[in-house]
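Novice: Whatever this is, show me its structure:
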Amino acid sequence: MDFNKKISKIGSAIVTLTVFLFAIFLIIDFSMASYFVCLILPIGFIMMTAGLHIECEGDRKVAANVGMLLAAVYGTFIMLVYFTQLTTVNNEQLNEQATNLLEMAKCGLIFNYDLLGYGVMALSTFFTGLSMKPKNKTDKWLRALMLIHGVFYFSCTFMPMTGMFAKMSSGGDGIGGRLALVVWCVYFLPIGILSFIHFTKGEMRYDID
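Specialist: Numbers count the residues shown, from 1 in each chain. This next block holds a predicted model:
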């Protein structure tokens, strides 16, 4: 198997597995485990996006490049967010101000960075979808899901500016937020599965112009 194809296929498998586990850990409310899989998800996403990036044809390179760069930005934000949860928040005694800023459940600064990261991820899938020229039904569905996923950019970016999440965190048990994330998982899981199928079928296409 082509080594590029193998890396991309592994990345798609990582995306599929981590999104599935994320949904399970959300349902059973096991926050540390959900933080851990979210630390791994960006690695798979970047590997998957790189595979789609290298396949793009010459007249779609700008869209593919933008998608790849945004994937790296997403990975940076999200890995910092969840590494913070698994290290500083989990292991240290934080004062009230630091807790409000850094603890995910408080919907403060770190939570807003998390949403910004996933907003950037949505833009990454949108531009990566634009770079694709589907050759079969699987690719058409994959492209459509990636393009539609771009809509999440607006909610992830602008809703935190309203302060809505902070109000929800001060007066609820977080069930609504977890449910919304489970719905996102249900939407995004097929992207990982279809990407895996895409890299399993046929040969990767390269454009070196």
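Novice: confidence score at the most far-flung residue of the chain relative to its centre?
Specialist: Within the chain, the residue lying farthest from the chain centre (CA atoms, centre = their mean) is N95, at 30.5 Å. Looking at N95, its pLDDT stands at 88.
Novice: and what of M161?
Specialist: According to the prediction, M161 has pLDDT 85.
Novice: Check which helices and strands the helix or strand containing L101 sits against.
Specialist: Applying DSSP states H and E as the criterion places L101 in helix 96-102. Contacts defined by 3 or more CB pairs under 8 Å, 6 or more residues apart in numbering; DSSP states H and E place helix 96-102 against helix 109-131. Placement of C-beta: from N, CA and C, glycine included.
Novice: Just the buried positions in the helix it packs on, please.
Specialist: By neighbour count on 16 or more other CB atoms under 10 Å, the buried set for helix 109-131 is 110-131.
Novice: Show me what secondary structure element comes after that helix.
Specialist: Helix 109-131 is succeeded, C-terminally, by helix 137-149 (DSSP H and E).
Novice: Buried residues in that following helix, which are they?
Specialist: T138, D139, W141, L142, R143, L145, M146, L147, H149.
Novice: Run the chain-centre distance for the following helix or strand past that helix.
Specialist: Of the helices and strands lying after helix 137-149 in sequence (DSSP H and E), the nearest is helix 152-158. Centre-to-centre, helix 152-158 and its host chain are 13 Å apart (CA atoms, centre = their mean, to the nearest Å).
Novice: and helix 152-158, C-alpha only, in PDB?
Specialist: The C-alpha trace of helix 152-158 is given here as PDB (Å, rounded to 0.1, in the frame of the first residue of the first chain):
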ATOM      1  CA  PHE A 152     -20.400  25.100  12.600                       C
ATOM      2  CA  TYR A 153     -17.800  27.900  12.300                       C
ATOM      3  CA  PHE A 154     -20.500  30.500  12.900                       C
ATOM      4  CA  SER A 155     -22.000  29.000  16.100                       C
ATOM      5  CA  CYS A 156     -18.600  28.100  17.500                       C
ATOM      6  CA  THR A 157     -17.200  31.600  16.900                       C
ATOM      7  CA  PHE A 158     -20.000  33.900  17.600                       C
END
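Novice: May I see the buried residues of that helix?
Specialist: So helix 152-158, judged by 16+ other CB under 10 Å, has buried residues F152, Y153, C156, T157.
Novice: what's the angle from the helix or strand in which V37 is found to helix 109-131?
Specialist: Taking DSSP H and E as the criterion, V37 maps to helix 31-55. Here the directions of helix 31-55 and helix 109-131 differ by 30 degrees (axes from the mean of the first three to the mean of the last three CA atoms, to 10 degrees).
Novice: From the contact counts, what lies against helix 31-55?
Specialist: On a contact count with 3+ CB pairs under 8 Å, 6+ apart, helix 31-55 meets helix 3-27, helix 61-84, helix 109-131, helix 175-200.
Novice: got the angle for it vs helix 61-84?
Specialist: Angle, helix 31-55 to helix 61-84, by the same axes, to 10 degrees: 160 degrees.
Novice: now helix 31-55 against helix 3-27, angle please.
Specialist: Between helix 31-55 and helix 3-27, the angle comes out at 150 degrees (the same axes, to 10 degrees).
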